[in-house]
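Need a 3D model of the sequence below.
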Amino acid sequence: MKKLFALILTLVIVFTLFGCSKAEEPTTETTTATTTTETTTEKPEPKNPLTGKTNFREGAVGKRPVAIVVENLSPARPQWAIGSSDIIMEGEVEGGISRMLWLYADYKKVPDKVGPTRSARPSYVRFAKMFDAIYIHWGGSHDRPGYTGGYATIKKYNVDDLDGMKGGELFGRDYTRSVSLEHRGIVNGDKVFSAIKKKGYRRKIDENIASTLSFNDSAKWPSKTEANTVKVTFSNRTDTRKFTYSKKDKKYHTQDWRTDVKFKNIIVLMDETKYITVPYKGATTTYLNYQYKGGKGYYASCGKIKEFRWEVKDGKFVFTDTEGKTLNLNPGKSYIALASSNHEGKVRFE
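Presented below is the predicted three-dimensional model:
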C-alpha cells in the first residue's frame, strides 16, 4: 500500500511540473488563514516579460527588447539561430511572401549569428514599437505614390533602429552558403549591446508604451477544444504554416523552416490588411500593410485552442478572452502570426 501511495504521489508531482493542467475551476470552499510569528520574505525570481519564464538575467530586468527582421524565402532556410528568440512574429510583406520579426527580451542573449537579416516594412516597425523594442534591420522599403515605406515609418513613430545599410560591426555576411548576397546578411549577436551603447539609445523600457503579456504560473489548457495540428494561412496569396503538437514535450513543432522549431504558444491575430501596388525597378510590386484594427484571435497551447479578442489601445496590444478578462499565456516561447481577415487568411485546427 505504501509503495502504491508513493507511486501516485510521484506521478502527481511530475504532471504538475511538466504537464498541462485544466484551467482552475472556481470553488465555494473557504479557508481560514493561520497566523504565525515567523515570517520569511523571498525575493521573487525575475521573469522574462516575453516568455513568463524565470530563467531571466537580473541585469536584463526593466530593459528594452530588440526586434530583428529575418527573411523567409526558401534560399534563406534554415535561418541562422531560428528558434532562439523569445517570440517569432510572422506575416505577409509583398508578392505573397512572408517575413519574420524575432524578439529577444535580453539583448545580451542574442546568438552570435542571426539571419538572414532583411529590410524594414511598416507593419513590422509598428509591431516593434508596440513592445518598445530597438529595431534591427538591413535596409527598408522607400516611399512610393500612395505608400509610406519602412524608413518613413521608422521616422514617423520615432523608432530607435540599427540599420545594416549604414555598416558597423553589428552586421556582416556569411559566405558558407551558395546563395545570393541578399540571403547572406547577418547580425553579430555579441555586438548588439555595443551598437546600442554607441547610438546612445535609451535602454530602460518605457512601460507607458510597451505591451505587457500576462502569463499563468504554470501551464494550463486554454480550453477543451482539441488542436493537435494548427495550420495558419496568412492570406489567399501566401503559403501555410503548419504546427504539430507533441505530447512528449508539450510543445508545437514545425519543420517549415527546414529544421525543427518548437513553441509553447501559437497566437494568431486576424487583422484587416491593405494591398498597395507601386512602381518598382521598371515594373510593379504589391506591398501589404496590416491595419492593426484588432478583432478575433486564436490561442493554442497544450494541444488545445480557444478564441480571444485583441486590440491596440494607447499604442499597446491588449489580449482578452471572450468574457473580457486578460488572456493569460502559458510560460514559454510564442509564435505570433498576422493573418488577413479580409483577404482569406484562415486558421485550421484538429
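
Point out where the stretch 101-250 of the chain drops to low pLDDT.
Low-confidence segments of the stretch 101-250 of the chain, defined by pLDDT under 70: none present.

Do you have the strands of it handy? List them.
113-114, 134-137, 161-163, 171-173, 185-188, 214-215, 229-233, 240-246 (DSSP state E, counting those that start in this stretch).

nearest to Asn55, of those strands?
strand 214-215 (13.6 Å; CB to CB). From N, CA and C alone the C-beta is placed, and that goes for glycine too.

So which elements touch that closest one?
strand 328-329 (3 or more CB pairs under 8 Å, 6 or more residues apart in numbering; DSSP states H and E).

same thing but 6 Å
Helices and strands touching strand 214-215, by 3 or more CB pairs under 6 Å, 6 or more residues apart in numbering; DSSP states H and E: there are none.

hang on, the earlier thing: which one of the strands of the stretch 101-250 of the chain lies closest to Ile205?
Of the strands of the stretch 101-250 of the chain, nearest to Ile205 by CB to CB is strand 134-137, at 10.4 Å.

Just the buried residues of the closest one, please?
Using 16 or more other CB atoms under 10 Å as the test for burial, strand 134-137 gives 134-137.

which residues are in contact with that strand?
Outside strand 134-137, the residues within contact range by CB atoms under 6 Å, 6 or more residues apart in numbering are 64, 66-69, 119-120, 128, 159-162, 187, 201.

Report the two members of the residues you listed separated by the largest distance.
Going by CB to CB, the pair spanning those furthest: Arg64 and Ser119, at 21.6 Å.

coming back round to it: among the strands of the stretch 101-250 of the chain, which is nearest Ser98?
Among these, strand 240-246 sits nearest to Ser98 (CB to CB), with 8.1 Å.

Which element, helix or strand, includes Thr277?
Using DSSP states H and E, Thr277 sits within strand 273-280.

Helix or strand next in line after that strand, which one?
Heading C-terminal from strand 273-280 (DSSP H and E), you reach strand 283-290.

Of all the residues in the helix or strand just after that next one, which ones are buried?
Sequence order places strand 295-301 as the next helix or strand after strand 283-290, per DSSP H and E. Buried residues in strand 295-301, counted by 16+ other CB under 10 Å: 296-301.

Name every sheet partner of strand 295-301 and say whether each one runs parallel or antiparallel.
strand 265-271 (antiparallel), strand 304-313 (antiparallel) (DSSP bridges).

angle of that strand against strand 240-246?
Interaxial angle, strand 295-301 versus strand 240-246 (axes from the mean of the first three to the mean of the last three CA atoms, to 10 degrees): 40 degrees.

Spell out for me which residue occupies the centre of this structure.
Ile87 (2.7 Å; CA atoms, centre = their mean).

Find the nearest non-adjacent residue to it, please.
Leu103 (4.2 Å; CB to CB, 6 or more residues apart in numbering).

Ok, Asp161 next?
Tyr135 (4.2 Å).

ok, which stretches of the chain are helices?
Counting by DSSP state H, the chain has helices at residues 2-18, 122-129, 150-156, 192-199.

Can you get me a residue count around Arg121?
26 (other CB atoms under 10 Å).

show me what contacts it?
Per CB under 6 Å, 6+ apart, neighbours of Arg121: 93, 141, 150.

Format the residues you listed as JSON lines; extra columns: distance to Ile267.
What follows is the contacts of Arg121, written out as JSON lines (distance: CB to CB, whole Å):
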{"residue": "Val93", "distance to Ile267": "19"}
{"residue": "Ser141", "distance to Ile267": "26"}
{"residue": "Gly150", "distance to Ile267": "24"}
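
Tell me the one of those nearest Lys43?
Gly150 (42.1 Å).

buried set for stretch 234-253?
Within stretch 234-253, the residues scored as buried using 16+ other CB under 10 Å are 234-235, 237-238, 241-243, 245, 250-253.

farthest-separated two in those?
The widest separation within these (CB to CB) is 33.5 Å, between Arg237 and Lys250.
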